[in-house]
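In: Need coordinates for the below:
(one chain, ligands or ions: 1)
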Amino acid sequence: MGACSSKHEDTHLPVIKRNNCTDMEQSTKKNDPNVARKRWSFLALYTRGPAYYFFSRKSSSPATNGKTNPTVRRFFRRAFQPLTRAQHMKAVLARRHGEGKEGNVRLNKSFGFSKHIRHKCEIGEEVGKGHFGHTHRAKFKKGEHKGQQVAVKIIPKSKFS
Ligand SMILES: Nc1ncnc2c1ncn2[C@@H]1O[C@H](COP(=O)(O)OP(=O)(O)OP(=O)(O)O)[C@@H](O)[C@H]1O
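Out: Next up, the predicted model:
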């Protein structure tokens, strides 16, 4: 009827009319999202799951009333706290010694020399610096290694806590 008008009538092109609308109008109605939504609204199963709202950044859950949940975001942004220097050192040593698979690893402090190393060695100048300590040139004063030049790495006790 009068509600459906077409440009084709002006240009005298053949127009096939069906249900008072042209084919062109039928196709535009098909592409209209409102029409499509109405048509499929009876399917209650066609809804987004909670995982969609949980993981998508742009959309927000209807439960939060359009507002984002900062706690959830913060949780996902930083899943693990960064290791402290001591924890890092423990992890490195555990990996080096092939431990860590059991879970609870204890740091082995039985290596190296006691604080009386200066009685045994003559400690010279610093030759380098590592992550955890500094390395010095040293020479044994007594014992089976007397006269031998070595490099001694000094790790402060604070790094072991
Ligand atoms: N035997 C050596 N002779 C000469 N220089 C050395 C010797 N051992 C270490 N150094 C010097 O000391 C620096 C630091 O050595 P270190 O072993 O502490 O390094 P690192 O393993 O990287 O340290 P970290 O394990 O603490 O991260 C080296 O870069 C090197 O220049």
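In: Same question for the lengthiest strand in the chain: list its buried residues.
Out: Using DSSP state E to define each element, the chain has its longest strand at strand 121-129. The neighbour-count check on strand 121-129 (16 or more other CB atoms under 10 Å) flags C121 as buried. Using the backbone N, CA and C atoms, a C-beta is placed for each residue, glycine as well.
In: so what strands line up beside it?
Out: The sheet places strand 121-129 alongside strand 134-140 (antiparallel), with pairing taken from DSSP bridges.
In: export the partner strand as CSV, just CAs?
Out: C-alpha atoms of strand 134-140 as CSV (Å, rounded to 0.1, in the frame of the first residue of the first chain):
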residue,chain,number,x,y,z
HIS,A,134,81.3,-9.6,44.5
THR,A,135,84.3,-11.6,43.4
HIS,A,136,87.9,-10.9,44.6
ARG,A,137,91.3,-12.2,43.7
ALA,A,138,92.7,-14.3,46.5
LYS,A,139,95.8,-16.4,47.4
PHE,A,140,96.0,-19.3,49.9
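In: Return the residues of the protein in contact with the ligand.
Out: Applying CB under 6 Å from any ligand atom, we find that the chain lies next to the ligand at 127-133, 135, 151, 153.
In: Restricted to buried residues, select these in ChimeraX.
Out: In ChimeraX syntax, the buried subset of the residues of the chain next to the ligand is picked out as below (16+ other CB under 10 Å):
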select :132
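In: Format the residues of the chain next to the ligand as TSV; extra columns: distance to M89 and pLDDT.
Out: Output for those, formatted as TSV (distance: CB to CB, whole Å; pLDDT from 0 to 100):
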residue	distance to M89	pLDDT
V127	21	94
G128	17	92
K129	15	91
G130	11	86
H131	8	84
F132	6	84
G133	10	87
T135	16	93
A151	19	91
K153	13	88
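In: And stretch 87-94, what's buried?
Out: 89-90, 93-94.
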